[in-house]
Structures are given as structure tokens and as C-alpha cells.
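1. When you get a sec, could you give me coordinates for this:
(one chain, ligands or ions: 1)
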Amino acid sequence: KFTGNFFYDYMMGIEFNPRIGKWFDFKLFFNGRPGIVAWTLINLSFAAKQQELYGEVTNSMILVNVLQGLYVLDFFWNEAWYLKTIDICHDHFGWYLGWEDCVWLPCLCTLQGLYLVYHPVQLCTAHAVGVLMLGLLGYAIFRMTNHQKDLFRRTNGNCRIWGKKPEYIECSYVSVDGTKYYSKLMTSGFWGWARHFNYTGDLMGSLAYCLACGFEHILPYFYIIYMTILLTHRCIRDEHRCCSKYGRDWKRYTAAVPYRLLPGIF
Ligand code: NDP
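-> Numbers count the residues shown, from 1 in each chain. Predicted coordinates:
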């Protein structure tokens, strides 16, 4: 998929699924192994460093390790679901994905732990419980929303969402070779609340990591700022693609589910 712009092609990638033989898929490997494993190892190292420097590990450090560790564990536990995400299904493998996976992810996602090594924060119980609740609620929304879509698509709508048959909009699209395909967009469950409520859950979890570091410095909050920009941009990027793919059917869907991330607001 060459665009004619060398720098864009280098950044975004040409190959969809570059491989060595049958078993080594570059995109899957880089997305799902070095960065995400390093994230947990680096966080644990920061906890060990706190112990070495101060003789104790603060509750904020434990919270960051537990909440982020849960997110990583979820990734491995639900790896089959991960194969259906935009990164794997639509993005090409270029510098952007490779650098993001190997450099950006392990540096950015461990900012809270790094901050807490040099600025240890012991939270009062109410603050710590609040952060834990927000983190767990965000994770639950993230997981349930993703699970609902996965189940809906896997069963072609023959499932139950919140105890009821799911509601959906029938869509069709035509591929480059002229073949017509049919698909469904769910409009019930969390997918009836907003078009990307999975991102909302993700953002709630991200905010919890930052709040665990207290309010003394802006640095740990870089994560939520970055994630808000990333996921809002991703939302717009995905909707642009879906609008070109489904055309009028997408308009019917956005009329049925008018909000993107926050029902009633955005
Ligand atoms: P989604 O899982 O939301 O997938 C979007 C695709 O799902 C659309 O392109 C469309 O594909 C299909 N779809 C959209 N609406 C519906 C609907 N109502 N019913 C059925 N199918 C629908 O996007 P992502 O892959 O971006 O995100 C997956 C998860 O990964 C999210 O929870 C996100 O927060 C997380 N994530 C985390 C990141 C991080 O750095 N922490 C980075 C990126 C993602 P189709 O063409 O098949 O119709």
C-alpha cells in the first residue's frame, strides 16, 4: 500500500503482516511482547528501588503496580480478543508501530513508577481507596465493553447482552474487487451508551494511575493527557474509516448512538 510519500510510507508501513515463515509475525510480536512485558518488569524494578532507597514500598507504588499489572495480565489472558483490534486488523507495520511498541510504551507507561521512585507518595486511606475504585471501575468497563463487541461479532448477534437479545443495525459494504459483504453494528449494552465506551474505561484506568501519584507535579499526569489525545484521535480515525466503509449505514448508526466517549457530552 504505497502512497507515494516516502516518509509517510516509512512511518505508517507498507506491509500489513510481514512475517518470517509461518510462525513469526512481526506486528504481533512487537505489539504483544517486548514493550508490554518490559512495562511490568520496569514497574516491579521501580518498586524494588523504592524499597532499597527508603526501606519501604509506598501504597501509591503498590497501586500503580497492581492496576497496571492487571491491564497487562488482561492483555495476555484475552490475547485472542486482541487479534481483532485496529492495530492488528487495520494498521500496517512501519516505524510508528515498531517504535511505539519498543520505546514509547515502556518509557511512557512507566512514568508513574519512575516519578514515585524520586518522589515517594504515601496516600491517605480515602485517597488510595478512591484511586483503586476508579482504576477497577475503569478496567471493568474496558473489559466488559470489549467483551460485548467480541461476543456479538463472534456469534453474529446470537447472544445475550445484559440478559437481552442485542439490538443492532444491519450494514453492508463493497470491497475493492466489487464483492458485497454484510455486517452488524451493535446499538445495545455499552455500545448503546457511546460509540467507544471501551476507550472511556481505558481513560478512567489511566486517570487512576496518575491520581495515585498525588497532586504535587504535572509529570505523572502526562500519561492521561497523552492517552486522551491518542484515543480521541483513534476514535476519529476509526470513525473516518467506518464512514467510508459503511456509508449511509454508518450515518444510521451514529444517529442511533450519537455520542463517542461520554454519553450526553461528547
Ligand atoms: P475497537 O475495539 O473499538 O474496534 C473498532 C472497530 O469495531 C471498528 O473499526 C468496527 O470495525 C467495529 N465496531 C465499531 N462499532 C461497533 C459496534 N457498535 N458493533 C460492532 N462492531 C463495531 O477499537 P480498538 O481496536 O482501537 O480498541 C480496542 C481496545 O484497545 C480499546 O479498549 C482501547 O481502549 C484499547 N487500546 C489501548 C491502547 C493503549 O495504549 N492503552 C491503545 C489502543 C487501544 P468493523 O470494520 O469490523 O465494523
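2. CA atoms for contacts and neighbours, from now on please.
-> Will do.
3. Please report how far the nearest residue to residue 58 once chain neighbours are set aside lies from residue 62.
-> Nearest residue to residue 58, sequence neighbours excluded (CA to CA, 6 or more residues apart in numbering): residue 122, at 5.4 Å. Using CA to CA, to the nearest Å, residue 122 is found at 10 Å from residue 62.
4. again with residue 204
-> Applying CA to CA to residue 204 and residue 62 gives a distance of 18 Å.
5. more neighbours, the two?
-> residue 204 (20 against 16; other CA atoms under 10 Å).
6. picking up where we left off before, wait, is the residue nearest to residue 58 part of a strand?
-> No. Per DSSP: H, G, I helix; E, B strand; the rest coil, residue 122 lies outside any strand segment and is coil.
7. my read: it touches residue 60, true?
-> Yes. Assessed by CA atoms under 8 Å, residue 122 is found in contact with residue 60 at 6.1 Å.
8. So the two - more neighbours on which side?
-> For residue 122 versus residue 60, neighbours defined as other CA under 10 Å are more numerous around residue 60 (27 against 17).
9. list the buried ones in stretch 10-23?
-> Within stretch 10-23, the residues scored as buried using 16 or more other CA atoms under 10 Å are 11, 12, 13, 14, 16, 17.
10. Could you find the closest non-adjacent residue to the third one?
-> Just to be clear, that refers to residue 13. Residue 13 sits nearest to residue 94 (CA to CA, 6+ apart), 3.5 Å away.
11. Next: residue 228.
-> Distances taken as CA to CA, 6+ apart put residue 203 closest to residue 228, at 6.9 Å, once the chain neighbours are dropped.
12. Point out the other helices and strands that the helix or strand hosting the one you found packs with.
-> Secondary structure from DSSP states H and E places residue 203 in helix 197-211. Applying 3 or more CA pairs under 8 Å, 6 or more residues apart in numbering; DSSP states H and E, one finds that helix 197-211 contacts helix 59-77, helix 125-154, helix 222-246.
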